[in-house]
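[1] A predicted structure for the sequence below; I have some questions about it.
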Amino acid sequence: MIELQHLTKRYDATVAVDDLSFKVEPGHVTGFLGPNGAGKSTTLRLILGLDAPTSGQALVDGRRYASLRKPMFEVGALLDASAVHGGRSAFNHLLCLAATNGIGATRVAEVLELVGLASVARKRVAGFSLGMKQRLGIAAALLGDPGVLLFDEPVNGLDPDGVRWIRDLMRSLAAEGRTVLLSSHLMSEMALTAERIVILGRGRLVAHSTVNELTARYPSLEDAYMALTASSVQFGAAR
Ligand SMILES: Nc1ncnc2c1ncn2[C@@H]1O[C@H](COP(=O)(O)OP(=O)(O)OP(=O)(O)O)[C@@H](O)[C@H]1O
Ligand SMILES: [Mg+2]
């Protein structure tokens with residue numbers, strides 16, 4: 001479970017995340033939506049302790065990320081798939097990450113198999129396509145078999161097979177009882193993947209609902225999103 005309590009992040013005059021409070025429950029995929037600059041990635045960084053909140057807090061299973069003793073076993077995340085050391089092989093990249101949490105080579109081989117990269121495990125990451133890097137990032141997130149998973153636009157760059165694969169993977173991870181928070185701009189895909197939806201606009205919570213509730217009130221999830229975010233002028237309007 002993820003819980004945000006009045007989470008706020010300012011960068012000078014920009015309020016990137018503005019008094020955000022909501023819970024993300026285990027057992028289903030929660031879609032994290034909002035226009036460019038709405039604060040989704042910032043929120044994910046705050047949950048992961050990669051950035052410090054200006055006020056409020058983000059809790060993972062009741063604790064702040066910094067106080068987790070073996071974070072990789074509790075939270076896994078893919079934020080930016082291109083942020084990998086290109087000189088290493090996929091296997092060595094994951095092995096280095098795994099070693100920091102006492103995870104061994106067997107689990108590395110397992111997650112590479114799971115994401116479909118076993119055949120290129122010994123190839124340098126520098127030669128990977130964007131879709132392959134996304135898969136590698138997902139493998140990294142899964143290393144510690146964590147109960148909470150955060151994915152920032154993991155569908156970017158994936159081919160149609162890959163998009164369907166992500167959908168099935170997200171749903172099966174949630175069905176195993178994990179908490180899955182997934183950001184994306186692809187509404188039709190999100191409607192197929194997520195059960196619950198959180199929508200941000202200008203750093204604020206615009207909607208927290210189920211896909212079914214939204215599609216009962218609007219013709220489609222995309223229509224719901226357009227209507228609910230219509231008044232949110234983006235790009236970090238200074239306030
Ligand atoms: N390190 C930073 N320094 C200054 N401003 C930042 C920083 N990180 C984010 N911002 C600002 O915070 C706001 C929210 O950005 P964020 O990246 O969280 O949005 P997003 O919802 O992830 O958008 P996108 O859909 O484009 O990925 C934007 O106005 C952005 O310019
Ligand atoms: Mg983002």
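    Looks like it came in fine. Ligands and ions are numbered 1, 2, ... in the order given.
[2] which ones are touching residue 220?
    Applying CB atoms under 8 Å, 6 or more residues apart in numbering to residue 220 gives the contacts 187-188, 191. Just so you know, the C-beta spots here come from the backbone N, C-alpha and C atoms, and that holds for glycine as well.
[3] Write a ChimeraX command that selects only the buried members of these.
    This is the ChimeraX syntax for the buried subset of the contacts of residue 220, where burial follows 16 or more other CB atoms under 10 Å:
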select :187,191
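[4] which one among the contacts of residue 220 gets closest to ligand 2?
    residue 187 (15.9 Å; CB to the ion).
[5] Check the contact between that closest one and residue 221; I expect there is one.
    Yes: between residue 187 and residue 221 there is a contact under CB atoms under 8 Å: 5.0 Å.
[6] can you list contacts of stretch 99-117?
    With CB under 8 Å, 6+ apart, stretch 99-117 has contacts from 70-73, 90-91, 94-95, 98, 118, 121, 132, 135-136, 138-140, 142-145, 165.
[7] Between the two ends of it, what distance do you get?
    The straight-line separation of the ends of stretch 99-117 (CA to CA, to the nearest Å) is 20 Å.
[8] What mean pLDDT does that stretch get?
    The pLDDT scores in stretch 99-117 average 96.
[9] Please apply the same query to stretch 125-143.
    Averaging pLDDT residue by residue across stretch 125-143 gives 94.
[10] May I see the buried residues of it?
    So, applying 16+ other CB under 10 Å, buried residues of stretch 125-143: 125, 128, 131-143.
[11] Then stretch 62-79?
    Quick answer for stretch 62-79 (16+ other CB under 10 Å): 65, 68, 71-79.
[12] which one of those residues sits closest to ligand 2?
    residue 79 (8.5 Å).
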